[in-house]
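Asker: heads up, no residue letters with this:
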């Protein structure tokens, strides 16, 4: 199993309902977000003028760097497949990717609030809630797996006016997400950032061009390279320096969601 | 409030420090005594009660809601799954109702202004004291000046019962900005053409082509309306958007007509003229269902494609293309009626052009066209007829009649007549003003005049939910329960898609939680006011529940019955297609659509739609045009923390080529200065884009709140209304025009001309 989401930009009108519904559902402090809507354009693309949106959230990546950089001590955890009942036991730190559902989750009890995971994410999908625990707790989208397990839709999917958010199983060829991918829904990834995001985007040529040109992460954040740094150090190599933590330079808009008061402007 | 300095925030500043935490120095196990999952929010579906019967009023589309309540606290709002209108969906504002309920700045207690109007000093008083003073002061005004000495500016569902009371009092002049500052012309132009007011009952979901004049669906959010638009788009409708700006709707269009502002009527006339000249209009529909075609045809023959192309600054070939697309897809075309139409003071004629174009194409009561939708009718609450002293008759004091103006006006008295009378005392004094659920300061052009008028009053009474610009002008300020805490409105509607199985629904607003502090509903407030004024015996309903049940009675329904039906009563409906064929006529005098309206000619107005040019921007300025933000409802929602987070300011759209010449970059902090030298009190950011004409500056309306009591919204963004120091009143309707002011940019204290 791997849960995935598709955002249909033809249907999306940029109403921000998804951002607010998620906040309400999960008691996210006002100044942060488990998800976001960036407003893009109007701008020229090679397919004409475009004005579209980047509704973003945690991508529950195939190879999540956030999981790799968590410095908490590991513990043994047993996972159960909700479909088959099969079990799997793994060593996990305070954040992990469920081997069955593919959802990346945070163990809030064990989370240190250090923010390494948030710094490592090339999509800026995590934030640290400073009001939880002593040093804060990392938080992010969970694909509403708790709701899904109870037979409900993710909060953002349910509230969407035009059904622009499609949620389902990648591994089911008859699912709507699989259909969308068949007809060309694609990921926000680049040569340097190719960790397998499981949120896909679908739209006309001009909108997809604008989205990809402005919102694709082009560099892995420094903080994601810890594991790699140690490895390279052993090999006597140095890690190439990037442009700092946030490696995304947008055309006309800042695209990373961060804890700071980031103006999510038109 | 400064964020507490945690290790996380400290590490934020040292960007690589996070990468260098020694892995060995970490505490792995959870501290003893901590409950597992103590830091994880449970989600709104856990340990909550679902309370039904909510009807939204974050805007006025009135989606149906349920609330999730945990330990007496409302934690989430969702669409009512039973709704055939919005279903489980809810827009950003609907979701954000939580932050209205618990807004710490909300009005809590009755307040008395012991300072100055406009510069208030608030003293908390009891309801007894507040209502005693309101009753005494209102009566003092009516005693000295007659009932005509009072006037009311009102808006929203909670104002219906109060206005019924003020009518009973004999107050002749009351005004709803929803008409005179918004959609008055749309209603009246449609009424004069079709014999009824379709509002926005237009079947976009099943259209083969759609024409949107300015209508920026997607930036204006009316849930089921957006859904209709997107469904039509997905069904392959050809979308034509006429807008000086590349709006959210234009971004989904097949054809974007980048029209010069204020010339839309010329565009529409040219399209109609082309259809007639080429014989590609819907001849059968016109023959069977339209009146006055020959006179109409002759009168509009002057507006050729060539002429309009020059006026509108668009290629003639594009005007032809639009006409052809519409003709090819007739009659299943949406000629959107529009909604907010108070643009230039000549808007009645423009909406008449919408209506006539739809007629030439046959776009009525067919899939895709304008519909006459049948909704269930509820009753009304009236106070009994009164015998006034001295043969007083309120009809003798209705200002529009007294001054013999605006013969095609919508209900109520035009705002401007009330305001002018408040200032001049002519033709008779108005000395008492009641404002209920409206914000005249942000709503009416020429704010200086509104403030002058209020200063001139003996008494100003204001009822509201949150502090706004207008509450600063109250002598007595009353805190109202918000829409989630009261009964009042009854939403009546149909299934959201005209092409689906016809159903009708009735959804009375029911409270999802009790009001906190001393907030009260409008029935309680008015009844207690009425008692003090000596009208106890005429009080028609004792409380808000009786009020709503009274209105439900004609349908054989009660609140209890509907509550048991999960808040929404649904029954079989009537298919809206072919209503006219069923009734064998349109509800006009002739039974047909009036292309040529004799009544207009009788009053000295053009009986066919006519284009009237308006003054151009002076050199160095561009026209200021405003619109909607998807996360705000004008100024009402500006203090909502969740919504403000999504769009804290209203970016000012400036053409990129102009901006380059002006030295303005995207994101620069700017203010606006208008043609009369007035500079906006607050600033916003520049949005530099190719998606707007060079002769237009655009921003979303409602920002720039004046009231410091709004800790979130105060001074955020630019108040576009403050730039409207000039006003224009349309002679047919008395509605105003708010796009006739011009602006240039102020950056770092320097005024920058807009290059031509």
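Answerer: Ah, there it is. Quick caveat, the model's predicted, so the values are computed rather than measured.

Asker: can you tell me the closest non-neighbouring residue to the closest residue to chain A within the stretch 301-450 of chain B?
Answerer: Nearest to chain A in the stretch 301-450 of chain B, going by C-beta to the nearest C-beta, is residue B:318, at a distance of 15.0 Å. All C-beta atoms are positioned from the backbone trio N, CA, C, and that covers glycine. Among residues not flanking residue B:318 along the chain, residue B:257 sits closest, at 5.9 Å (C-beta to C-beta, 6 or more residues apart in numbering or on different chains).

Asker: residues contacting the one you found?
Answerer: Contacts for residue B:257 (C-beta atoms under 8 Å, 6 or more residues apart in numbering or on different chains) come out as B:240, B:241, B:242, B:243, B:267, B:312, B:314, B:318, B:319, B:322.

Asker: what residues sit buried inside stretch B:726-739?
Answerer: Going by neighbour count (16 or more other C-beta atoms under 10 Å in any protein chain shown), the buried part of stretch B:726-739 is B:726-739.

Asker: correction: the previous question concerned stretch A:134-148.
Answerer: For stretch A:134-148, a neighbour-count test (16+ other C-beta under 10 Å) marks A:135-148 as buried.

Asker: ok so, going back, got a markdown table for the contacts of residue B:257, with pLDDT too?
Answerer: Below are the contacts of residue B:257 laid out as a markdown table (pLDDT from 0 to 100):
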| residue | pLDDT |
| --- | --- |
| B:240 | 98 |
| B:241 | 98 |
| B:242 | 98 |
| B:243 | 98 |
| B:267 | 98 |
| B:312 | 98 |
| B:314 | 98 |
| B:318 | 98 |
| B:319 | 98 |
| B:322 | 98 |
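
Asker: make CSV from these and add neighbour count and secondary structure to it.
Answerer: CSV is the format used below for those (neighbours: other C-beta atoms under 10 Å in any protein chain shown; DSSP: H, G, I helix; E, B strand; the rest coil):
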residue, neighbour count, secondary structure
B:240, 26, strand
B:241, 28, strand
B:242, 26, strand
B:243, 27, coil
B:267, 27, helix
B:312, 26, helix
B:314, 20, coil
B:318, 20, helix
B:319, 25, helix
B:322, 23, helix
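
Asker: among those residues, which one lies nearest to residue B:711?
Answerer: residue B:243 (35.3 Å; C-beta to C-beta).

Asker: surely the closest one touches residue B:214?
Answerer: Yes - with contact defined as C-beta atoms under 8 Å, residue B:243 and residue B:214 form a contacting pair (5.6 Å).

Asker: need the contact list for the residue nearest to residue B:669 when sequence neighbours are not counted.
Answerer: Leaving aside its sequence neighbours, residue B:669 sits nearest to residue B:683 (C-beta to C-beta, 6+ apart; 5.2 Å). For residue B:683, the contact set (C-beta under 8 Å, 6+ apart) comprises B:669, B:670, B:671, B:717, B:718.

Asker: so how far is residue B:531 from the residue nearest to residue A:129 when sequence neighbours are not counted?
Answerer: Nearest residue to residue A:129 in three dimensions, chain neighbours excluded: residue A:139, at 5.0 Å (C-beta to C-beta, 6+ apart). Noted for residue A:139: a distance of 53 Å to residue B:531, by C-beta to C-beta, to the nearest Å.

Asker: and residue A:47, by the same measure?
Answerer: Going from residue A:47 to residue B:531 by C-beta to C-beta gives 68 Å.

Asker: likewise for residue B:250?
Answerer: Residue B:250 sits 55 Å away from residue B:531, taking C-beta to C-beta as the criterion.

Asker: so which bits of stretch B:270-277 are buried?
Answerer: B:270, B:271, B:272, B:273, B:274, B:275, B:276.

Asker: tell me the mean pLDDT over that stretch?
Answerer: The average pLDDT within stretch B:270-277 is 98.

Asker: work out the gap between that stretch and the centre of the chain.
Answerer: Put simply, stretch B:270-277 sits 33 Å off its chain's centre (C-alpha atoms, centre = their mean, to the nearest Å).

Asker: likewise stretch B:628-645?
Answerer: For stretch B:628-645, the distance to the chain centre is 13 Å (C-alpha atoms, centre = their mean).

Asker: on that earlier part again, of the buried residues of stretch B:726-739, which is the nearest to chain A?
Answerer: The shortest gap between chain A and any of the buried residues of stretch B:726-739 belongs to residue B:739, at 19.7 Å (C-beta to the nearest C-beta).

Asker: so what's the closest one closest to, chain neighbours aside?
Answerer: Per C-beta to C-beta, 6+ apart, closest to residue B:739 is residue B:343, 4.7 Å.

Asker: residue contacts, that neighbour?
Answerer: Contacts of residue B:343 (C-beta under 8 Å, 6+ apart): B:214, B:262, B:350, B:737, B:738, B:739.

Asker: which residues touch the last one?
Answerer: Spelled out, it's residue B:739. So residue B:739 contacts B:261, B:262, B:343, B:344, B:623, B:624, B:625, B:626 (C-beta under 8 Å, 6+ apart).

Asker: now swap in the fifth one and tell me
Answerer: Residues near residue B:738 by C-beta under 8 Å, 6+ apart: B:181, B:342, B:343, B:445, B:626, B:721, B:724.

Asker: do the first one as well
Answerer: Residue B:214 makes contacts with B:242, B:243, B:264, B:338, B:343, as judged by C-beta under 8 Å, 6+ apart.

Asker: now those residues in TSV, with distance to residue A:66?
Answerer: Output for those, formatted as TSV (distance: C-beta to C-beta, whole Å):
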residue	distance to residue A:66
B:242	47
B:243	43
B:264	52
B:338	49
B:343	51
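
Asker: and the pLDDT for the one residue in the stretch 101-250 of chain B that gets nearest to chain A?
Answerer: Relative to chain A, the nearest point of the stretch 101-250 of chain B is residue B:218 (3.6 Å; C-beta to the nearest C-beta). On pLDDT, residue B:218 comes in at 96.

Asker: thought it was touching residue A:10?
Answerer: No - Residue B:218 lies out of contact with residue A:10 (C-beta under 8 Å); the separation is 11.8 Å.

Asker: tally of neighbours for residue B:124?
Answerer: 12 (other C-beta atoms under 10 Å in any protein chain shown).

Asker: same question but for residue A:78, I mixed them up
Answerer: When neighbours are defined as other C-beta under 10 Å, residue A:78 has 8 of them.
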